[in-house]
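Asker: Pasting the sequence and the predicted coordinates here, then a few questions.
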Amino acid sequence: MAASSTTPTMKDKTLTGIGNLIKLLPTGTVFMFQFLNPVLTNNGHCHLVNKYLSGALIAISAISCCFSSFTDSYTDSTGTTHYVVATKNGFWPASDSESDVDPKAYKLRVGDFVHSFFALVVFGVVSLLDTNTVECFYPSFESTERVVMMVLPTVIGAVAGTVFVVFPNTRHGIGYPSSSSSQSTSASST
């Protein structure tokens, strides 16, 4: 029975995969885009100013999605959660010298760039195939290429989902609790 508790079950793998998918796109960034895009595109009836504003929103949101792939958090010995950015030498800002956290464990990895790339691709599909964006930037596309608009998000989502389930993200970005803080919270509640 002890061996089964250490071996992850299919349910555990599925829930972990869903959690990784949720961390794929920062919910705040996507919410901000979904909230501001109809306003900035004038519900798809764009003038030149609307195109510039909507383009700026898409660019800023895409940068935010990429940047969040390089953020992490940890809980120190006093129980304080610290949010950091991964660097090639560890993390920034540097921890206190008295901290028991090893900064080298937070170094940049190839997986961070893969996750950043797929976050950008998924956000690109979500933002560029949004109805208001399509009507604003390329209005003839909606009527002639409806099949692409229906199929592409599903295909990209399936590919990205598979990549994130097969190669799970170990980072706990800004806004997501670190493993040690969520474990200590659940341990203290039992």
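Answerer: Here it is on my side, so go on. Numbering: from 1, shown residues only.

Asker: switch to C-alpha atoms for all contacts and neighbour counts from now on
Answerer: OK.

Asker: Not counting its own residues, what contacts the strand ranked longest in the chain?
Answerer: Secondary structure of the chain per DSSP state E: the longest strand is strand 81-87. Strand 81-87 is contacted from outside by 70-76, 91-93, 106-108, 173-174, 178, 181, using Cα atoms under 8 Å, 6 or more residues apart in numbering.

Asker: what is the rounded mean pLDDT of it?
Answerer: Confidence for strand 81-87, expressed as mean pLDDT, is 82.

Asker: ditto for stretch 115-126
Answerer: Per-residue scores along stretch 115-126 average to 89.

Asker: Any regions of the chain where pLDDT drops low?
Answerer: The chain contains residues with pLDDT under 70 at 1-8, 10-25, 94-99, 142-144, 175-190.

Asker: Show me where it has its helices.
Answerer: 2-6, 10-24, 27-40, 48-68, 110-128, 131-137, 139-144, 146-166, 179-189 (DSSP state H).

Asker: list the buried ones in the longest strand of the chain?
Answerer: For strand 81-87, the neighbour count (16 or more other Cα atoms under 10 Å) marks 83-87 as buried.

Asker: on that earlier part again, now the buried members of the contacts of strand 81-87.
Answerer: Neighbour-count burial (16+ other Cα under 10 Å) applied to the contacts of strand 81-87 gives 70-76, 91-92, 106-108, 173-174, 178, 181.

Asker: now for those residues, which pair is the farthest apart?
Answerer: Using Cα to Cα, the buried ones among the contacts of strand 81-87 reach their maximum pairwise distance at 108 and 181, which is 21.9 Å.
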